[in-house]
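# return atomic coordinates for the entry below.
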Amino acid sequence: MFKPMIEFCASNMHHGTDKIMKLLQEDDRYEVIEYGCLGNCGECYLNPFALVDGTIVSAETADELYDNILKAIDKQHADRDALDKLLDDL
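Model (predicted):
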């Protein structure tokens, strides 16, 4: 089973992403990692953000970030399912 990787920047925690990270860590469907720096300093300074399987997901608030992370994961699953169906039809 595929587990989405969600990466958080320790420098971004002042936006409240620490609460979101802890919430996601409690769910074993996700691989959650915290780094000292993710190299996205401009994004980190401006907004709460995380990387979901390497793609930046951001929001204006930490609560909105949580919703956007879940939406990004749902979209990835839908994209993967569509690709699998396409490959099955070949």
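# residues of the longest helix seen in the chain that come out buried?
Across the chain, the longest stretch assigned as helix under DSSP state H is helix 62-89. Of the residues in helix 62-89, 62, 65-66, 68-69, 72-73 count as buried by neighbour count, 16 or more other C-beta atoms under 10 Å. Bear in mind the C-beta positions are built from the backbone N, C-alpha and C, glycine included.
# pick the one among the residues you listed closest to Pro4.
Ile73 (4.9 Å; C-beta to C-beta).
# low-confidence bits of the chain, can you list those?
1 (pLDDT under 70).
# ok, 90 please
Applying pLDDT under 90 to the chain flags residues 1-2, 36-45, 77-90.
# from the centroid of it, which residue is nearest?
Compute the mean C-alpha point of the chain, and by C-alpha atoms, centre = their mean the closest residue is Val52, 3.2 Å away.
# who does that residue bridge with?
Ile6, Thr55 (DSSP bridges).
# that one touches Ile69, doesn't it?
Yes. Using C-beta atoms under 8 Å, Val52 is in contact with Ile69, at 5.8 Å.
# residue contacts, Gly36?
9-11 (C-beta atoms under 8 Å, 6 or more residues apart in numbering).
# taking these, please make a PyMOL selection of just the buried ones.
The buried subset of the contacts of Gly36, as determined by 16+ other C-beta under 10 Å, is captured in PyMOL by this line:
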select buried, resi 9+11
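# returning to what we had before: from the buried residues of helix 62-89, which is closest to His15?
Closest to His15, out of all of the buried residues of helix 62-89 and judged by C-beta to C-beta, is Ala62, at 5.9 Å.
# gap between that closest one and Leu90?
Separation of Ala62 from Leu90 (C-beta to C-beta, to the nearest Å) stands at 43 Å.
# how much space separates His77 from Asp27?
His77 is 15 Å from Asp27, by C-beta to C-beta.
# any idea how many residues pack against Thr90?
That one is not Thr; residue 90 is Leu. Neighbour count of Leu90, defined by other C-beta atoms under 10 Å: 4.
# having no further points to raise, I will conclude here.
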